[in-house]
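Q: Using only what follows, build the 3D model:
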Amino acid sequence: MNNNKTESISRTEYEAKKGTYDQPFYAFRKILSRIIPIFPGWRIRKKMYRIMGVNIHSKTKFIGLDTYIDDLFPELITIDEDVVIALRTTIIAHDDASHTVAPIHIKKGAFIGTGAIILPGVSIGENAIIAAGAVVTKNIDDNSKAMGVPAIQK
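A: The predicted model follows:
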């Protein structure tokens, strides 16, 4: 079992290096992040997330309604091909409590269930299944299932 998370880095240092709050792009991302989750048509949602800065493969299968993908650090999120993300999922690349950021990688063929929460520094393996409502705090291996709060790999 590979539960090592990607190492977090200081949010302050990352913000200064990347210009997270530079205008007008910051405001544009904030507006997009409110429109995208409710926009009908998942193919257009996928393109809009890409415009916002998320690294989404052109062959990602589905991103459901009401899915929130981090609008402050979208460039830290990578979603590979054949991934299905059900509705009301949250994918967040920053942690306000520890004031850190870390990349998230959802690998080929993964399935993320309704209402799941993916936290910073997590890698979800190829063909992994994340159960509805799971809170993923650690890496999930290829071809495995994870469920619960926090998610436990099976």
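
Q: ok, L72 - contacts?
A: With contact set as C-beta atoms under 8 Å, 6 or more residues apart in numbering, L72 has these partners: T20, R29, A93, H94. C-beta here means a position set from N, CA and C on the backbone, and glycine is covered the same way.

Q: Relative to N4, which of those is nearest.
A: Comparing the contacts of L72 against N4 with C-beta to C-beta places A93 closest, at 17.1 Å.

Q: and that closest one, what is it in contact with?
A: Applying C-beta under 8 Å, 6+ apart, we find A93 in contact with D70, L72, F73, P74, L76, I77, V101, A102, P103, I104, P120.

Q: do S8 as well
A: Going by C-beta under 8 Å, 6+ apart, the list of residues near S8 reads D95, S98, T100, V101, A102, P120, G121.

Q: F73 and Y26, how far apart?
A: Computed as C-beta to C-beta, to the nearest Å, the F73 to Y26 distance reads 11 Å.

Q: Give me the common contacts of the two.
A: T20.

Q: would you turn the contacts of S8 into a markdown table with secondary structure, pLDDT and neighbour count?
A: Below are those laid out as a markdown table (DSSP: H, G, I helix; E, B strand; the rest coil; pLDDT from 0 to 100; neighbours: other C-beta atoms under 10 Å):
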| residue | secondary structure | pLDDT | neighbour count |
| --- | --- | --- | --- |
| D95 | strand | 91 | 15 |
| S98 | coil | 88 | 12 |
| T100 | strand | 92 | 19 |
| V101 | strand | 94 | 25 |
| A102 | coil | 95 | 21 |
| P120 | coil | 96 | 24 |
| G121 | coil | 95 | 23 |
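
Q: beta partners of the most centrally placed residue in the chain?
A: Centroid check for the chain by C-alpha atoms, centre = their mean gives I91 as the closest residue, at 3.3 Å. Beta-bridge partners recorded for I91 (DSSP bridges): I69, I118.

Q: Would you mind listing where the protein has pLDDT under the threshold?
A: Within the chain, the stretches with pLDDT under 70 are 1-3.

Q: try 80
A: 1-6, 19-23, 25 (pLDDT under 80).

Q: ok so, going back, from the contacts of A93, which is closest to N139?
A: Nearest to N139 among these: I104, at 10.4 Å, using C-beta to C-beta.
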